[in-house]
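Trainee: need coordinates for the below:
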Amino acid sequence: MLQLLITFSLFLVLEDLQKLVFGVQPYFLDRPLQLLGAVEIGGVPYARYQFLLVLVALLVLFGLRFLLRATPMGKILVAVVADREMAQALGVNVGRVYAVAFSLGVGLAALGGALASPTVTIAPGLGAEVIVLSFAVVAVGGLGQVEGAALGALLIGLGRSLAVYWLPELDVLVPYLVMVLVLLFRPVGLFGTVEVRRL
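Mentor: As a prediction, this is how the structure comes out:
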């Protein structure tokens, strides 16, 4: 929670600096959408770019699962997150592991932003919405659970799509309604596990 608050605070500062340097003019980069065109399925047109996004999301999901569960670095990363002191006592360079995890997170965030930019208008303030939405996705799926984050994103995305179709005024509330419903029955999220805290 402390890391989340610090990250959000830094984001607010950096966003204001961004406004000072680049201004507040919105941009729309729709070239990839135009290049790939659309395909019609069941009489409904879909942008081919959306299918590309689904493919990349699946590749990232399975890539992360493989990294965390089948590679030595991934197992060390999981061990450091689970018990930093014990991992350090066993000779793990915790600072290096944190640097690798941070770099991986930044790289994935950059990839997500670059791939999403053709589908949204890029403007200052966009990041705040994404951070809050990401928090809802992680809370629904369970902290530290890759599969949970994927399922949480799917549930919230489907919920928002249905809201846009039936009740557009509830579109903004859907992520939080899904989060509240899940946390009422599973306070640790769909894939989360109860952990014993050391005092």
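
Trainee: where does pLDDT dip in this structure?
Mentor: 1, 193-199 (pLDDT under 70).

Trainee: elements contacting the host helix or strand of A57?
Mentor: Using DSSP states H and E, A57 maps to helix 48-70. On a contact count with 3 or more C-beta pairs under 8 Å, 6 or more residues apart in numbering; DSSP states H and E, helix 48-70 meets helix 31-36, strand 38-41, helix 72-82, helix 94-116, helix 146-166. (Glycine included, C-beta is placed from N, CA and C.)

Trainee: out of the ones you listed, which is the most enclosed?
Mentor: Comparing the helices and strands packed on helix 48-70 by mean neighbour count (mean count of other C-beta atoms under 10 Å), helix 146-166 ranks first with a mean of 17.

Trainee: and whatever helix or strand comes next after that one, which residues are buried?
Mentor: Once the chain leaves helix 146-166, the next helix or strand it forms, by DSSP H and E, is helix 174-185. If you call a residue buried by 16 or more other C-beta atoms under 10 Å, then helix 174-185 has these buried ones: 174-175, 178-179, 182.

Trainee: circling back to that earlier point, turn the helices and strands packed on helix 48-70 into TSV, columns for distance to L126.
Mentor: As requested, the helices and strands packed on helix 48-70 are exported to TSV (distance: least, C-beta to C-beta, whole Å):
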stretch	distance to L126
helix 31-36	18
strand 38-41	24
helix 72-82	29
helix 94-116	9
helix 146-166	16
